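> What follows is a predicted protein model with its sequence.
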Amino acid sequence: MSSRTASELAEKMRATVRRECAAILLALASRHRIHLSIHRARKAIRRLRALLLLVDCRLAEAAAIDRVLERLGDSLSTLRDAHVIVVTAETLAARDTSKQWGPAIDRLVQRRDALFQRTLARDIDFHRRRAGVERVARQLDDMAWDRVKPTDIQQRLAHSSQRVAKAEARAKADPTPQNLHRWRRRVRKLRMQIEALSEIEPEIVQKAVKESASKKLKDLHRLSDQLGALRDGQMLRNVLRRMSDLPHYGQIALQLREHLAQHESKLVKRAGVALDR
């Protein structure tokens, strides 16, 4: 690889991580549609972490930065999950002509808003989190990106594909929520890596992915969406089980079981995953 090619790859990688850091900071600073902003922050964190996994074999600092980003993402996950649970319940309610979901949604909204207020009380306007992202951005900018070779990234991308295959095999053999969630995370990570590299250096994707990159992305998106919808329903079910005193609890629990069964059948058809409900 020529020095010019190495320099171009380094600048593209550096520009991408700068953009993702800026996206995290922008989302955490926004108070407009706050739950969407948290979602955007977490997506940018995941994209950045997915990219770092492609270079951690060459840049030793990447692993420590990834751990910081992991903690940041985890610190926002409870808020995001609480909102997703509300949205999932509202989706089910929109299909229910009997209007029995109202009390459940009211309580789920109260739960979500209380979690948000407690989080902001401990970190007003996410100031501490934003300061952490700013430190990470400086560290990333200082990394020796020109040491990264296309072959490094290609090997790491192949490794991500292998991890997806292993997670899929485990989920098929033992389809617990934990194994399905692990499979979903790895699918999403591989998808994000391919998406980023398709813009940074498409030739790397072509060498690592033994099929059309666009077809691969389409398949990964579809599978990720199916696993995500199942996960969202499972989270709603788990929370509702602690609210069995709700009016119409039996009816809405039945609707939720039917909803989960529909998504489970899609997974059975897509990947041969048989789940016990």
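Alright, I've got the coordinates.
> Spell out the secondary structure type for residue 98.
coil (DSSP: H, G, I helix; E, B strand; the rest coil).
> If you count contacts, what does the lengthiest helix in the chain end up packed against?
Ranked by number of residues, the top helix in the chain under DSSP state H is helix 61-94. Counting contacts by 3 or more Cβ pairs under 8 Å, 6 or more residues apart in numbering; DSSP states H and E, helix 61-94 packs against helix 34-52, helix 102-122, helix 127-142, helix 213-240, helix 249-271. For glycine as for every other residue, the C-beta is placed from the backbone atoms N, C-alpha and C.
> buried sites along the longest one?
When you say that, I think you mean helix 213-240. The neighbour-count check on helix 213-240 (16 or more other Cβ atoms under 10 Å) flags 213, 216-217, 220, 223-224, 226-237, 239-240 as buried.
> Then stretch 190-207?
Residues of stretch 190-207 classed as buried under the neighbour-count rule (16+ other Cβ under 10 Å) are 190-198, 200-201, 204-205.
> right, so the helices and strands packed on helix 61-94: which one is the most enclosed?
helix 34-52 (a mean of 20; mean count of other Cβ atoms under 10 Å).
> Tell me what angle that helix forms with helix 127-142.
On the basis of axes from the mean of the first three to the mean of the last three Cα atoms, to 10 degrees, helix 34-52 is oriented at 30 degrees to helix 127-142.
> Torsion angles phi and psi at residue 95?
For residue 95, the backbone dihedrals are phi -90, psi 0 (criterion: degrees, to the nearest 10).
> could you list every residue that touches it?
residue 255 (Cβ atoms under 8 Å, 6 or more residues apart in numbering).
> And it, how close does it get to residue 85?
17 Å (Cβ to Cβ, to the nearest Å).
> do the same with residue 188
Distance from residue 188 to residue 85, by Cβ to Cβ: 19 Å.
> now do residue 7
Counting by Cβ to Cβ, the gap from residue 7 to residue 85 is 47 Å.
> Tell me where the model's unsure across the stretch 51-200 of the chain.
The stretch 51-200 of the chain contains no residues with pLDDT under 70.
> try 80 this time
Along the stretch 51-200 of the chain, segments meeting pLDDT under 80 span 97-98.
> what pLDDT, on average, does stretch 202-213 get?
Mean pLDDT, computed over stretch 202-213, is 80.
> Need the contact partners of it.
With Cβ under 8 Å, 6+ apart as the test, stretch 202-213 has contacts from 150, 153-154, 157-158, 161, 194, 197-198, 216.
> same thing but at 7 Å, please
Contact with stretch 202-213 is made by 150, 153-154, 157-158, 194, 197-198, 216, as judged by Cβ atoms under 7 Å, 6 or more residues apart in numbering.
> From the opening residue of that stretch to its closing one, how far?
9 Å (Cα to Cα, to the nearest Å).
> Repeat that for stretch 241-257.
Distance between the two ends of stretch 241-257: 12 Å, counting by Cα to Cα.
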